[in-house]
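Asker: sequence first, then the predicted structure:
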Protein chains: 2
Amino acid sequence: MAVMAFASTTSLDRPPSHLRARDTDDRVNPVYEALVCGNCPARQSDLCGELKDPELQDLSRYSLRATFREGETVIWEGDPATHAGIVTRGCLRMTRTGADGRRQILGFLFSGDIVSLPATSHYTVSLEALANGELCRFERSRLEAALHKYPNLERGYRRTVATALEGAYGLAYSLGRKTAMERVATFLSDLRSGSCPKSPGGIMHLPMTRTDIADFLGLTVETVSRMFTKLKGAKVIRLPNAQEVEIVDPARLASLAESGNET
Amino acid sequence: MAVMAFASTTSLDRPPSHLRARDTDDRVNPVYEALVCGNCPARQSDLCGELKDPELQDLSRYSLRATFREGETVIWEGDPATHAGIVTRGCLRMTRTGADGRRQILGFLFSGDIVSLPATSHYTVSLEALANGELCRFERSRLEAALHKYPNLERGYRRTVATALEGAYGLAYSLGRKTAMERVATFLSDLRSGSCPKSPGGIMHLPMTRTDIADFLGLTVETVSRMFTKLKGAKVIRLPNAQEVEIVDPARLASLAESGNET
DNA sequence: CGCATCTTTGACCACAGTCAAAGAGCGTGG
DNA sequence: CCACGCTCTTTGACTGTGGTCAAAGATGCG
């Protein structure tokens, strides 16, 4: 699939074009796909959730599967927006990078989350893999045809984008009006109730680094680390190691997410 | 007669009345609406822009017009989300308010801007009028039916929401990663190229207060005021009075929006 | 084991927030 | 017509939260 180079904003701290080679493993396999959809993690998503089996089977004929590896950039800000898709496995970060390298992460995508089409002809965010995974993608015109053919799908897509908008508003509220402690508490609280996979013991594995969290919350690594330490000291969370968090006191965490200092 | 029946139906399932006295002036007038659409400011919008005249005429049968006055709250966060609509005149602010009164403005809506349906059954933001104006509204199920009937409309709606998402991402980037000066410069620069009405002399009338701007940019009134003063001192803008801004040096303003201190 | 990357901690600093007060603009009423 | 009160804006002095800089632990990998 043809992808052009875009010197401007994208190639700052991420390795450039050689990573995009993986894009080529898109493949179409009607029979296989139809079978796969049944137990696809995205089967429960807003997008596919309301589809009936025959609809899904028809739709799956147009789906393309692409695997990605940790560290790989799946979508580059500024590239022609040719596909939309669903994450079926793994985790990605959605980022926007300024000309001077400042970075804002706009969200983390887990299995079942959707990559929607931008309003413009080019992507306005990058998508970088935090863990190996897989995308179920649709070529733009195929998706648009399907949206028109299946009102269920169209409604689901609408809800999906509205949910994304809702998330962005929530993020804006955090960034604009919350303190560092509130932001970190909000982040952990949201992760807990979100699609981040949890182990049976209630321990969450964080696929993102402290730097990623900082870039998501509009803070610095140091501040994020200090807040983690503080939450650990207050016995609100446990940190078996840097990548694992156990939320010991969800109620207190939720309260900290709203007020910062205890109620 | 069918139209009249529809009119009474919608007034029945309209949200509880104590919050919104003004809503009562919704009215349906097929002939009048059809004529009005032709020179409606929203005719150029993403939503209505691609519609052909017959489609528009059909659609207009379901439109409800509601006027609003400065200071009035048109939509309350938490209310059942019964309508979507287009601003046809005036200006509104979209706000989210925390339990403790902290406020984040998520955007300003001018004529032609769309109020889309939320993913949930209830509105997640409030809409407050900054200037007298008018909304062209559609009852939820009517809009959904129309979206399915007219692919043009559906595509337009999709682009509209994607544009809103784009705007929210831009705001998040500002809030998370820009300095006070950059945010104010970005705000003014965006207003200039946006739908905020301008006088022939290139002077913009700001319908929002400094407090509103602060609540939009995640700053305080004092900081916003200081940045305005600084921009005036640097001859980047002129301030004939507090409500009017003339952008004297757009290029410099744009540069300040990205880097804060000169290039 | 050695190097690289990520995380944590500490000391210091600056940008924007807080608190306070004066100035500007505007509608209302005497 | 001006005085009054209200709201909004501006300016000043000071403070504090979170950023910056630096360095020491962890952790993981070849």
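Answerer: Noted; the coordinates are in hand.
Asker: SS state for the one residue in the stretch 1-150 of chain A that gets nearest to DNA strand C?
Answerer: Nearest residue of the stretch 1-150 of chain A to DNA strand C, counting by Cβ to the nearest atom of the strand: A:Gly71, 9.1 Å away. Yep, even glycine has a C-beta here, placed from its N, CA and C like the rest. Three-state assignment for A:Gly71 (DSSP: H, G, I helix; E, B strand; the rest coil): coil.
Asker: tell me which element the residue nearest to it when sequence neighbours are not counted falls in.
Answerer: Of all residues not flanking A:Gly71 in the chain, A:Ala129 sits nearest, at 6.5 Å (Cβ to Cβ, 6 or more residues apart in numbering or on different chains). Assigned by DSSP states H and E, A:Ala129 falls within strand A:126-139.
Asker: just the CA trace of that strand, in PDB.
Answerer: What follows is strand A:126-139, C-alpha atoms only, in PDB (Å, rounded to 0.1, in the frame of the first residue of the first chain):
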ATOM      1  CA  SER A 126      -0.300   9.000  14.700                       C
ATOM      2  CA  LEU A 127      -0.900   5.600  16.000                       C
ATOM      3  CA  GLU A 128       2.000   3.800  17.700                       C
ATOM      4  CA  ALA A 129       1.900   0.300  19.000                       C
ATOM      5  CA  LEU A 130       2.700  -0.300  22.700                       C
ATOM      6  CA  ALA A 131       2.400  -4.000  22.400                       C
ATOM      7  CA  ASN A 132       2.100  -6.500  19.500                       C
ATOM      8  CA  GLY A 133      -1.300  -6.800  18.200                       C
ATOM      9  CA  GLU A 134      -3.700  -6.900  15.300                       C
ATOM     10  CA  LEU A 135      -6.000  -4.500  13.500                       C
ATOM     11  CA  CYS A 136      -9.200  -5.300  11.500                       C
ATOM     12  CA  ARG A 137      -9.200  -2.600   8.900                       C
ATOM     13  CA  PHE A 138     -11.600  -1.400   6.200                       C
ATOM     14  CA  GLU A 139     -10.800   0.500   3.100                       C
END
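Asker: so what strands line up beside that strand?
Answerer: strand A:64-68 (antiparallel), strand A:73-75 (antiparallel), strand A:83-97 (antiparallel) (DSSP bridges).
Asker: near DNA strand D, which residues of chain A?
Answerer: Within chain A, the residues that sit near DNA strand D (Cβ under 7 Å from any atom of the strand) are A:Thr179, A:Ala180, A:Met181, A:Gly218, A:Leu219, A:Thr220, A:Glu222, A:Thr223, A:Asn241, A:Ala242.
Asker: same list (the strands paired with strand A:126-139) but as TSV, adding mean pLDDT.
Answerer: Shown next, in TSV, are the strands paired with strand A:126-139 (pLDDT from 0 to 100):
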stretch	mean pLDDT
strand A:64-68	93
strand A:73-75	96
strand A:83-97	96
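Asker: how about those in CSV, adding mean neighbour count?
Answerer: Shown next, in CSV, are those (neighbours: other Cβ atoms under 10 Å in any protein chain shown):
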stretch, mean neighbour count
strand A:64-68, 20
strand A:73-75, 24
strand A:83-97, 23
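Asker: TSV for the ones you listed, including distance to A:Glu139?
Answerer: Converted to TSV, those look like this (distance: least, Cβ to Cβ, whole Å):
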stretch	distance to A:Glu139
strand A:64-68	7
strand A:73-75	14
strand A:83-97	6
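Asker: between the ones you listed, which gets nearest to A:Arg137?
Answerer: Closest of the strands paired with strand A:126-139 to A:Arg137 is strand A:83-97, at 3.6 Å (criterion: Cβ to Cβ).
Asker: give me the distance from the helix or strand just after that closest one to the chain's centre.
Answerer: Per DSSP H and E, the first helix or strand lying C-terminal to strand A:83-97 is strand A:103-110. Its chain's C-alpha centre and that of strand A:103-110 lie 6 Å apart, by Cα atoms, centre = their mean, to the nearest Å.
Asker: adjacent strands (with direction) for strand A:103-110?
Answerer: Sheet pairing for strand A:103-110, using DSSP bridges, gives strand A:83-97 (antiparallel).
Asker: any part of the helix or strand encompassing A:Ala251 near DNA strand C?
Answerer: Taking DSSP H and E as the criterion, A:Ala251 maps to helix A:250-259. No: counting by Cβ under 7 Å from any atom of the strand, no contacts exist between helix A:250-259 and DNA strand C, the nearest distance being 13.6 Å.
Asker: any chance of a markdown table for the residues of chain A next to DNA strand D, columns secondary structure, neighbour count and pLDDT?
Answerer: Putting those into a markdown table (DSSP: H, G, I helix; E, B strand; the rest coil; neighbours: other Cβ atoms under 10 Å in any protein chain shown; pLDDT from 0 to 100) gives the following:
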| residue | secondary structure | neighbour count | pLDDT |
| --- | --- | --- | --- |
| A:Thr179 | coil | 14 | 98 |
| A:Ala180 | helix | 18 | 98 |
| A:Met181 | helix | 18 | 98 |
| A:Gly218 | coil | 24 | 98 |
| A:Leu219 | coil | 21 | 98 |
| A:Thr220 | coil | 14 | 98 |
| A:Glu222 | helix | 10 | 98 |
| A:Thr223 | helix | 18 | 98 |
| A:Asn241 | strand | 7 | 95 |
| A:Ala242 | coil | 11 | 95 |
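Asker: so which of those residues reach chain B?
Answerer: Contacts with chain B within the residues of chain A next to DNA strand D, counted by Cβ under 8 Å from any Cβ of the partner chain: A:Gly218.
Asker: which one of the residues of chain A next to DNA strand D sits closest to chain B?
Answerer: For the residues of chain A next to DNA strand D, the residue nearest chain B by Cβ to the nearest Cβ is A:Gly218; the value is 3.2 Å.
Asker: quick one, what contacts the closest one?
Answerer: A:Gln104, A:Ser174, A:Leu175, A:Arg183, B:Leu175, B:Gly176, B:Arg177 (Cβ atoms under 8 Å, 6 or more residues apart in numbering or on different chains).
Asker: hmm, 10 Å instead?
Answerer: A:Gly218 is in contact with A:104-105, A:171, A:174-176, A:178, A:180, A:183, B:172-178, B:218, counting by Cβ atoms under 10 Å, 6 or more residues apart in numbering or on different chains.
Asker: what does A:Tyr150 give?
Answerer: A:Glu50, A:Leu51, A:Lys52, A:Glu55, A:Leu56, A:Asp58, A:Leu59, A:Gly156, A:Tyr157.
Asker: neighbours of the fifth one, how many?
Answerer: If you count neighbours by other Cβ atoms under 10 Å in any protein chain shown, A:Leu56 ends up with 20.
Asker: now swap in A:Leu153 and tell me
Answerer: 21.
Asker: got the confidence number for it?
Answerer: Listed pLDDT for A:Leu153 reads 93.
Asker: surely A:Leu135 is in contact with A:Leu92?
Answerer: Yes: A:Leu135 lies in contact with A:Leu92 (Cβ atoms under 10 Å); the separation is 8.6 Å.
Asker: list residues touching both of these two?
Answerer: What both A:Leu135 and A:Leu92 touch, as defined by Cβ under 10 Å, 6+ apart, is the set A:Phe68, A:Val74, A:Ile75, A:Leu109, A:Val115, A:Leu127, A:Ala129.
Asker: so where's the stretch 151-263 of chain A shaky on pLDDT?
Answerer: A:262-263 (pLDDT under 70).
Asker: thanks again, I'm all set now.
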